[in-house]
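**Q** No letters, just coordinates:
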């Protein structure tokens with residue numbers, strides 16, 4: 001029955017597209033005016049920490065453009081990431097996502113580094129990106145660079161399985177006024193406004209504000225889950241030509257969640273509702289100086305304050321100051337040398353309660369790093385070898401070295417073959433080294449995490465090979481294969497029970513658990529993307545990925561990550577220009593089952609019908625998850641915060657003047 005069900009779902013996937021092809025149209029005509037060669041000339045910075053074209057990047061990199069985002073009709077960055085091959089995007093409830101690359105997915109995927117305009121949003125306490133705190137104004141996003149594979153040589157620790165770098169638009173590209181409003185059955189309302197103008201001889205700025213409210217998901221046990229989500233975000237960006245950028249954001253989000261309230265007296269762990277409040281402010285400055293001899297100097301600095309108040313757990317209040325500089329040398333014969341250094345200071349205040357606490361409660365942590373990279377040209381336009389390494393010191397694991405070597409061969413002008421060997425690490429967090437947190441309570445018994453200062457960094461050695469080819473002016477392909485070797489992976493180990501008499505709680509047995517490094521493993525897989533300009537009005541992209549993860553641990557229960565990542569994924573996007581002003585763009589994806597959460601495989605289909613009502617007003621009607629009424633994407637049915645993603649229909653009006 002399971003195989004028949006999977007077969008029927010895949011048939012529906014393709015039949016749906018057969019139905020949509022003749023209906024498709026487009027809203028913004030210049031996107032399909034670009035050839036595939038021009039699309040491969042989109043600049044990226046995440047691979048080599050310098051501007052280079054996608055076609056020349058010796059890594060598995062995929063770019064989601066601003067036009068991709070507009071045409072797909074998505075309302076969040078996580079949903080936009082569904083378009084990238086090899087990225088697993090699973091929504092666990094209305095306000096939480098599990099997003100990872102090449103395995104090890106969870107709602108806090110700690111092997112994926114996420115940046116916004118070069119500012120890391122990897123939470124140093126939880127380990128991972130809290131996506132619900134970064135609901136950007138999508139009209140301002142220029143591109144999303146997705147690098148599959150290690151990026152530690154340039155970006156540092158935690159860029160183990162990939163890097164996602166979100167880049168917003170230059171202020172000169174957002175001049176004038178924009179206002180948009182949307183409403184639907186799941187999107188309960190969103191309003192975005194933006195104003196941009198020029199100042200001085202070469203200055204541009206924009207200011208924006210966004211407010212939204214999203215409905216709860218459906219609980220597998222029936223009725224609504226307790227997971228509504230709303231927020232307010234505002235900010236600015238000012239650019240002086242291409243030399244200096246000053247930008248900042250302020251936000252406040254609230255999300256709903258259920259938590260057990262542990263106690264040593266009956267009823268021991270009653271479930272309570274809580275509202276989590278996120279507050280944050282950040283300011284970033286970036287200076288770029290390009291010299292006449294071809295060298296370049298970059299300097300960037302930011303301060304980021306964030307506070308997450310979770311009433312039944314703890315308050316994470318932290319301030320991060322970060323500064324880094326980079327110098328691109330003048331090419332010296334066959335060498336292109338880049339070097340840089342950085343410093344980060346983090347002040348954390350973790351206010352807990354009887355069930356959750358940190359020792360120490362207040363901490364001050366510093367991180368220092370330097371990196372060097374040399375691209376060596378053995379044969380102009382044919383053979384290149386890139387050598388580099390990051391040298392880093394942090395307060396938790398000490399010194400870390402993350403080298404890589406990349407070989408690139410261009411057999412023809414339109415083909416690139418590349419291979420690499422890289423090392424990357426995921427460093428410990430305060431949760432693993434300093435946390436005490438209750439897991440379970442019963443009569444005179446408490447199970448809890450306790451600190452382990454000996455927890456070590458998780459390590460990866462990755463081997464990759466890739467091929468990119470502009471086969472014809474209208475057909476291109478990008479294929480990557482990899483083999484990952486992991487060591488010192490995180491496990492949870494029980495310790496000898498002890499009797500606790502502290503004068504606060506009733507006397508009880510404590511069963512302590514600590515985070516340890518008692519697992520290793522390997523993974524291998526392949527990722528492929530194809531783009532086809534079928535006509536001047538029709539573009540089709542396909543992607544497919546396969547991954548197999550194998551873990552080794554003395555305790556088989558520690559190997560849950562093997563079954564929490566889909567073995568196969570596939571996707572298709574269709575962009576079709578039918579009229580000058582109207583569109584019906586569509587995207588779909590197939591995601592394999594997750595045995596670890598008893599999550600069935602599913603097909604997601606989104607359709608975006610839109611066009612201009614007048615020169616100033618654009619209308620969109622968007623349908624998401626159209627093939628079924630609702631489905632689960634992550635977690636287990638008995639999770640108290642489990643949510644089923646429902647079909648969503650909403651309308652959007654955009655005024656651009």
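**A** Nice, I can see it. It should be emphasised that the depicted structure is a prediction, and the values quoted were computed from it without experimental measurement.

**Q** going forward, measure contacts and count neighbours with C-alpha atoms only.
**A** Noted.

**Q** from memory residue 225 sits against residue 256, does it?
**A** No. Residue 225 lies out of contact with residue 256 (Cα atoms under 8 Å); the separation is 9.2 Å.

**Q** Those two: which has the busier surroundings?
**A** residue 225 (23 against 20; other Cα atoms under 10 Å).

**Q** ok, the more buried one - contacts?
**A** Contacts of residue 225 were listed using Cα atoms under 8 Å, 6 or more residues apart in numbering, and they are 216, 217, 218, 219, 641, 642, 643.

**Q** Can you tell me which of these comes closest to residue 146?
**A** The nearest member of the contacts of residue 225 to residue 146, counting by Cα to Cα, is residue 643 at 27.2 Å.

**Q** doesn't residue 95 make contact with that closest one?
**A** No. Using Cα under 8 Å, residue 643 is not in contact with residue 95, being 9.8 Å away.

**Q** Same drill for the two, tell me which one is more crowded.
**A** Neighbours were counted for residue 643 and for residue 95 using other Cα under 10 Å; residue 643 has more, 31 against 23.

**Q** ranges for the strands of the stretch 301-450 of the chain?
**A** 315-328, 335-351, 356-358, 362-379, 383-394, 398-409, 415-426, 435-442, 445-449 (DSSP state E, counting those that start in this stretch).

**Q** The second one vs strand 315-328, what angle?
**A** Per axes from the mean of the first three to the mean of the last three Cα atoms, to 10 degrees, the angle that strand 335-351 makes with strand 315-328 is 170 degrees.

**Q** Okay, buried residues for strand 335-351 please.
**A** Neighbour-count burial for strand 335-351 flags 335-346, 348-351 (criterion: 16 or more other Cα atoms under 10 Å).

**Q** farthest pair in those residues?
**A** 335 and 351 (50.9 Å).

**Q** So what sits opposite residue 232 in the bridge?
**A** residue 211, residue 252 (DSSP bridges).

**Q** I meant residue 550, not that one.
**A** residue 522.

**Q** who's sitting farthest from the centroid in this structure?
**A** Relative to the centre of the chain, the most outlying C-alpha is that of residue 503, 45.2 Å out, by Cα atoms, centre = their mean.

**Q** Check the gap between residue 412 and residue 73 for me.
**A** Residue 412 sits 37 Å away from residue 73, going by Cα to Cα, to the nearest Å.

**Q** More neighbours: which of those two?
**A** Set residue 412 next to residue 73 and count neighbours by other Cα under 10 Å: residue 73 wins out with 25 against 11.

**Q** what residues are up against that one?
**A** Contacts of residue 73 (Cα under 8 Å, 6+ apart): 606, 607, 608, 622.

**Q** So which of those belong to strands?
**A** 606, 607, 608, 622 (DSSP state E).

**Q** Touching, the third one and residue 576? I think so.
**A** No. The pair residue 608 and residue 576 fails to qualify as a contact (Cα under 8 Å) at a distance of 11.4 Å.

**Q** Could you tell me which residues touch both of these two?
**A** With Cα under 8 Å, 6+ apart, residue 608 and residue 576 have common neighbours 583, 584, 585.

**Q** Distance of residue 548 relative to residue 484?
**A** In terms of Cα to Cα, residue 548 sits 10 Å off from residue 484.

**Q** These two: who's more crowded?
**A** Neighbour count, other Cα under 10 Å: between residue 548 and residue 484, residue 484 has more, with 22 against 18.

**Q** still on that earlier bit, in JSON lines: the contacts of residue 73, plus pLDDT.
**A** Output for these, formatted as JSON lines (pLDDT from 0 to 100):
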{"residue": "606", "pLDDT": "97"}
{"residue": "607", "pLDDT": "96"}
{"residue": "608", "pLDDT": "96"}
{"residue": "622", "pLDDT": "97"}
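
**Q** Go through the buried residues of strand 335-351 and name the one nearest residue 265.
**A** Nearest member of the buried residues of strand 335-351 to residue 265, counting by Cα to Cα, is residue 351, at 23.7 Å.

**Q** Residues in a beta bridge with the closest one, which ones?
**A** Here residue 351 sits in beta bridges with residue 315, going by DSSP bridges.

**Q** Wait, it touches residue 312, no?
**A** No. Applying Cα under 8 Å, one finds residue 351 not in contact with residue 312, separated by 11.1 Å.

**Q** Are there residues contacting both of those two? Which ones?
**A** By Cα under 8 Å, 6+ apart, no residue touches both residue 351 and residue 312.

**Q** hey, what's in contact with both of residue 548 and residue 484?
**A** 523, 524.

**Q** Okay, and residue 230 sits in which element?
**A** Applying DSSP states H and E as the criterion places residue 230 in strand 229-240.

**Q** So what's the gap between that strand and the chain middle?
**A** 19 Å (Cα atoms, centre = their mean, to the nearest Å).

**Q** Next: stretch 444-456.
**A** Distance, centroid of stretch 444-456 to centroid of chain: 29 Å (Cα atoms, centre = their mean).

**Q** How about stretch 367-387?
**A** That offset, for stretch 367-387, works out to 27 Å (Cα atoms, centre = their mean).

**Q** Pull out the buried positions in it.
**A** The neighbour-count check on stretch 367-387 (16+ other Cα under 10 Å) flags 367-377, 383-387 as buried.

**Q** For this structure, which segments count as helices?
**A** Secondary structure of the chain by DSSP state H: the helices cover 2-20, 36-39, 66-72, 77-80, 152-155, 430-434.

**Q** Lowest mean pLDDT across the ones you listed, which one is that?
**A** Comparing mean pLDDT across the helices of the chain, the weakest is helix 2-20, with a mean of 41.

**Q** Skipping its backbone neighbours, what lies nearest residue 368 in space?
**A** residue 343 (4.7 Å; Cα to Cα, 6 or more residues apart in numbering).

**Q** per-residue pLDDT, the one you found?
**A** 97.

**Q** how about the strands of the stretch 301-450 of the chain in a markdown table, adding distance to residue 77?
**A** A markdown table is the format used below for the strands of the stretch 301-450 of the chain (distance: least, Cα to Cα, whole Å):
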| stretch | distance to residue 77 |
| --- | --- |
| strand 315-328 | 23 |
| strand 335-351 | 26 |
| strand 356-358 | 31 |
| strand 362-379 | 29 |
| strand 383-394 | 29 |
| strand 398-409 | 29 |
| strand 415-426 | 24 |
| strand 435-442 | 31 |
| strand 445-449 | 33 |
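
**Q** Of those strands, which is nearest residue 173?
**A** Of the strands of the stretch 301-450 of the chain, nearest to residue 173 by Cα to Cα is strand 315-328, at 25.9 Å.

**Q** helices or strands up against the closest one?
**A** For strand 315-328, the packing partners by 3 or more Cα pairs under 8 Å, 6 or more residues apart in numbering; DSSP states H and E come out as strand 296-309, strand 335-351.

**Q** For this protein, name the helix or strand with the lowest mean pLDDT.
**A** Between all helices and strands in the chain, the lowest mean by mean pLDDT, DSSP states H and E belongs to helix 2-20, at a mean of 41.

**Q** ok, now which ones touch residue 425?
**A** Residue 425 touches 152, 157, 158, 159, 160, 400, 402, 457, 458, 459, 460, counting by Cα under 8 Å, 6+ apart.

**Q** For the nearest residue to the third one once chain neighbours are set aside, list each beta-bridge partner.
**A** If the residues on either side of it in the chain are set aside, residue 158 comes closest to residue 426, at 4.4 Å by Cα to Cα, 6+ apart. Listed beta-bridge partners, residue 426: residue 458 (assigned using DSSP bridges).

**Q** Contacts only, for residue 426.
**A** 110, 111, 157, 158, 159, 160, 457, 458, 459.

**Q** for residue 558, same thing?
**A** Neighbours of residue 558 in contact, by Cα under 8 Å, 6+ apart: 491, 492.

**Q** same deal with residue 43?
**A** 51, 52, 53, 54.

**Q** can you check residue 298 too?
**A** 286, 287, 288, 289, 325, 326, 327.

**Q** Then residue 453?
**A** By Cα under 8 Å, 6+ apart, the neighbours of residue 453 are 432, 433, 434.
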